[in-house]
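Asks: Quick one, structure for this:
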Amino acid sequence: MNLSDSSRKYIVIGLSLFVMIGLITASIMGKKQNTAFQLDDTEYSHAVQQLQEGNYAGALEASSALETRQGSSEQVNYLIALAAANSGEIEKSLKHMQRTLDRNPHRVEDAMFMLQYAEFFVMAEQKDEAVLVLDRCATLPIPEDYPEYQERVAQLQQQLATQS
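Replies: Next up is the predicted model:
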């Protein structure tokens, strides 16, 4: 099969147009994605700042928009769990801690995460779950930045034992 020069010319022009349209589309979509990422990053940073300043209601409010867009994010769920627990919304906190764990099952190896999870169960008076999590905490290595870790685990276990 022989292609004439004009056919080759149209094929090259067509392929060139196809590639150019693809590059333009990718550029436009990339800019939109970058804008959305920057908005999420700004809102997340604001929520974290509110949490660090002790404004837990503000942190929950700031993270509500993030939850709508990034509900499957491990970090967003963890942020909401911490803010909710400090605001006294323990059930909401437990729900988001479980979502965090669902998104990243390796969190069971994170001693501080598991200790916080156990504390939330204790606050919610869910003894069976708290005992399970505290038993796991007792097997985890002590975090360098919290040398009193084992004492806190023992204290929570003692608190549960006296509640019976």
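Asks: Only C-alpha atoms from now on, for both contacts and neighbour counts.
Replies: Fine.
Asks: can you give me the helices for this protein?
Replies: Per DSSP state H, the chain carries helices over the ranges 5-52, 56-70, 74-86, 90-103, 111-123, 127-139, 149-163.
Asks: Just send those back as JSON lines, with mean pLDDT and mean neighbour count too.
Replies: Output for the helices of the chain, formatted as JSON lines (pLDDT from 0 to 100; neighbours: other C-alpha atoms under 10 Å):
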{"stretch": "helix 5-52", "mean pLDDT": "84", "mean neighbour count": "13"}
{"stretch": "helix 56-70", "mean pLDDT": "84", "mean neighbour count": "18"}
{"stretch": "helix 74-86", "mean pLDDT": "92", "mean neighbour count": "22"}
{"stretch": "helix 90-103", "mean pLDDT": "94", "mean neighbour count": "19"}
{"stretch": "helix 111-123", "mean pLDDT": "94", "mean neighbour count": "21"}
{"stretch": "helix 127-139", "mean pLDDT": "93", "mean neighbour count": "18"}
{"stretch": "helix 149-163", "mean pLDDT": "91", "mean neighbour count": "14"}
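Asks: residue contacts, residue 130?
Replies: 118-119, 121-122 (C-alpha atoms under 8 Å, 6 or more residues apart in numbering).
Asks: farthest-separated two in these?
Replies: Maximum pairwise distance among the contacts of residue 130 (C-alpha to C-alpha): 6.2 Å, between 118 and 122.
Asks: To what extent is residue 109 buried, counted in neighbours?
Replies: Applying other C-alpha atoms under 10 Å, we find 14 residues neighbouring residue 109.
Asks: tell me the contacts of residue 91?
Replies: The neighbours of residue 91, taking C-alpha under 8 Å, 6+ apart as the test, are residue 124.
Asks: Would you check how far apart it and residue 154 are?
Replies: 24 Å (C-alpha to C-alpha, to the nearest Å).
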